[in-house]
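**Student:** let's see this in three dimensions:
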Amino acid sequence: MLGMYLAVLDSDEDKSRFEKLYNLYRQAMYAVAYGILHNQFDAEDAVHESFLKIADHFEKIEEIKCPKTKAFVVIIVKNTSIDIYNKNKKTVENTIFIDDMYNRIIDEKVFEDIDYQLLLNKIDELPETFKDILYLRYVNGFSIEDTASLLGISVDAAYKRIQRAKIILNDKLKEESVI
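**Tutor:** Predicted coordinates:
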């Protein structure tokens, strides 16, 4: 990891100074991040992002081992950790909200009672966007995260797209008096 941060810096003197900063504050930064995030992986991400930010603004650091630098480093990691915490919290809240919302709109049990081949035929009649997500999620059995990744969209967008696809599919099945 240290090599990645050093690559951002220009002079050998800056690289040497940054290495000292890294060795001096790395553990303290992790402790601050872990204290906020309570998760090893998120804390490591926060420390990594913080070191990248510090490397980008390394010219502002005059002396490595001084209270001013320590405060600067702690503030950077604290703010980065809070950003990650808020992002994670928002993602969880949105996922729960969207999951509840689409489960209330269309009950999946409606689709379980329908002939599988008929259901596949109706899915094939959907626009590509909706057809693809239903095939990946329900026919191929991918998780919502994997489905979103394969389609290059966020998890929230995947939930929303599934919700819309189910509504359209439900309407098509109602038109044919299947449900």
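**Student:** just the helices from this structure, written as ranges.
**Tutor:** Chain-ordered helices for the chain, with DSSP state H as the definition, fall at 2-8, 12-37, 40-56, 67-105, 109-112, 116-124, 128-134, 144-151, 155-175.
**Student:** and the ones you listed, which one's lowest on average pLDDT?
**Tutor:** When the helices of the chain are compared on mean pLDDT, helix 109-112 scores lowest, with a mean of 55.
**Student:** can you put the helices of the chain in TSV and add mean neighbour count?
**Tutor:** In short, each C-beta sits where N, CA and C put it, glycine included. Rendered in TSV, the data for the helices of the chain read as follows (neighbours: other Cβ atoms under 10 Å):
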stretch	mean neighbour count
helix 2-8	13
helix 12-37	17
helix 40-56	18
helix 67-105	15
helix 109-112	12
helix 116-124	14
helix 128-134	18
helix 144-151	17
helix 155-175	18
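**Student:** got the contact list for Leu150?
**Tutor:** For Leu150, the contact set (Cβ atoms under 8 Å, 6 or more residues apart in numbering) comprises Leu136, Phe142.
**Student:** hmm, I was thinking of Leu24
**Tutor:** Contact criterion Cβ under 8 Å, 6+ apart gives Ile64, Lys65 as the residues in contact with Leu24.
**Student:** with Tyr34 instead?
**Tutor:** Residues touching Tyr34, when contacts are defined by Cβ under 8 Å, 6+ apart, comprise Gln40, Ala43.
**Student:** distance of it from Ile167?
**Tutor:** Between Tyr34 and Ile167 the distance is 43 Å, computed by Cβ to Cβ, to the nearest Å.
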